[in-house]
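**Q** missing the sequence, but the structure's below:
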Ligand code: SAH
């Protein structure tokens, strides 16, 4: 890495600290995962700015502060099994995988998922499993194997009113889910802690802008554009 690139990393890390990111696991993941590997070539100069960036096909890679805030709110340990909905380019997956035991990630766009998997493999991230499916339904039973319940759940697309019930069902008692909730233009990032079988503590983290959670699996580029403009 050249000096300029190293300086940009240090600047971003200092900025994240100033904005309340104190978890050392999260800070080292943000420092070590090469964000430039997840953005298009012509944007690698901006990879270490605290900005969301377009990753093609109308999708975006989230702003580093939002990724760090969501990850910190999960209170991850290296024992955690994490469910992620909305793989996108795979950047958040790589951050999670750096800290936790294993990430199970679901993306509804098959083409995006394949690209993300190829990127993660090239970066030698091994502790993740990725599938194309509708994440609102939770992780499916595959070949008779049930992965739920999960210690932590992170959703990187917005729910209209409240988190999908199927996701709550897959969260362990004592577990945490982080998810943006609300209509476009007034979304709030929320942390839900499942305290007992019946009760959940809810905390607002920050206002955010995410693409909406959409149902079903998508295979085509046209459908992808339709999904973004909705
Ligand atoms: N975490 C990503 C950003 C995700 S953008 C990153 O780090 O780059 C949100 C993603 O959620 C999009 O790729 C979108 O296709 C996906 N998505 C929306 N609804 C979904 C659903 N029901 N199941 C799975 N993925 C979904």
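**A** Cool, got the structure. Note that this is a predicted model, so its numbers are computed, not measured.
**Q** quick one, what contacts the residue nearest to the spatial centre of the chain?
**A** Residue closest to the average C-alpha location in the chain (C-alpha atoms, centre = their mean): residue 92, at 4.2 Å. By C-beta atoms under 8 Å, 6 or more residues apart in numbering, the contact set of residue 92 is 62, 67, 70-71, 84, 86, 154, 156. Placement of C-beta: from N, CA and C, glycine included.
**Q** In strands, which of those appear?
**A** Judged by DSSP state E, these include 84, 154 as members of strands.
**Q** where along the protein do the strands fall?
**A** With DSSP E as the criterion, the chain has strands spanning 53-54, 60-61, 81-85, 102-107, 128-132, 150-155, 171-181, 187-194, 200-208.
**Q** Spell out which parts of this structure neighbour the ligand.
**A** 59, 61-62, 85-86, 88-89, 91-92, 106-109, 112, 134-136, 156-157, 211, 213-214 (C-beta under 6 Å from any ligand atom).
**Q** please redo it, this time with the cut-off set to 8 Å
**A** Where proximity means C-beta under 8 Å from any ligand atom, the interface of the chain facing the ligand comprises 38, 55, 59-62, 67, 84-93, 95, 106-109, 112, 116, 133-136, 156-157, 210-216, 218, 224, 227.
**Q** Quickly note the distance from the residue lying closest to residue 12 once chain neighbours are set aside to the ligand.
**A** Take residue 12 and drop its neighbours on the chain: the residue closest to it by C-beta to C-beta, 6 or more residues apart in numbering is residue 48, 4.9 Å away. Per C-beta to the nearest ligand atom, to the nearest Å, residue 48 is found 15 Å from the ligand.
**Q** Tell me where the model's unsure across the chain.
**A** Where the chain drops to pLDDT under 70, the residues are 1, 57, 220-230.
**Q** So what does the closest residue to residue 62 other than its chain neighbours look like in phi/psi?
**A** Leaving aside its sequence neighbours, residue 62 sits nearest to residue 52 (C-beta to C-beta, 6+ apart; 5.7 Å). Listed backbone geometry of residue 52 is phi -70, psi 150, with angles given as degrees, to the nearest 10.
**Q** these two touch, right, residue 52 and residue 59?
**A** No: with the criterion set as C-beta atoms under 8 Å, residue 52 and residue 59 do not qualify as a contacting pair; they are 10.2 Å apart.
**Q** Which strands and helices lie in contact with the lengthiest helix in the chain?
**A** Ranked by residue count, the top helix of the chain under DSSP state H comes out as helix 3-18. Other helices and strands packing on helix 3-18, by 3 or more C-beta pairs under 8 Å, 6 or more residues apart in numbering; DSSP states H and E, are helix 24-32, helix 64-73.
**Q** follow-up on the earlier one: residues in contact with the residue nearest to residue 62?
**A** With contacts defined as C-beta under 8 Å, 6+ apart, residue 52 is in contact with 60-63, 66.
**Q** Neighbour count for these - can I get that in JSON lines?
**A** Below are the contacts of residue 52 laid out as JSON lines (neighbours: other C-beta atoms under 10 Å):
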{"residue": "60", "neighbour count": "18"}
{"residue": "61", "neighbour count": "22"}
{"residue": "62", "neighbour count": "22"}
{"residue": "63", "neighbour count": "16"}
{"residue": "66", "neighbour count": "20"}
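**Q** just those residues now: which is nearest residue 42?
**A** Distances from those to residue 42 were compared by C-beta to C-beta; the smallest belongs to residue 61, at 13.9 Å.
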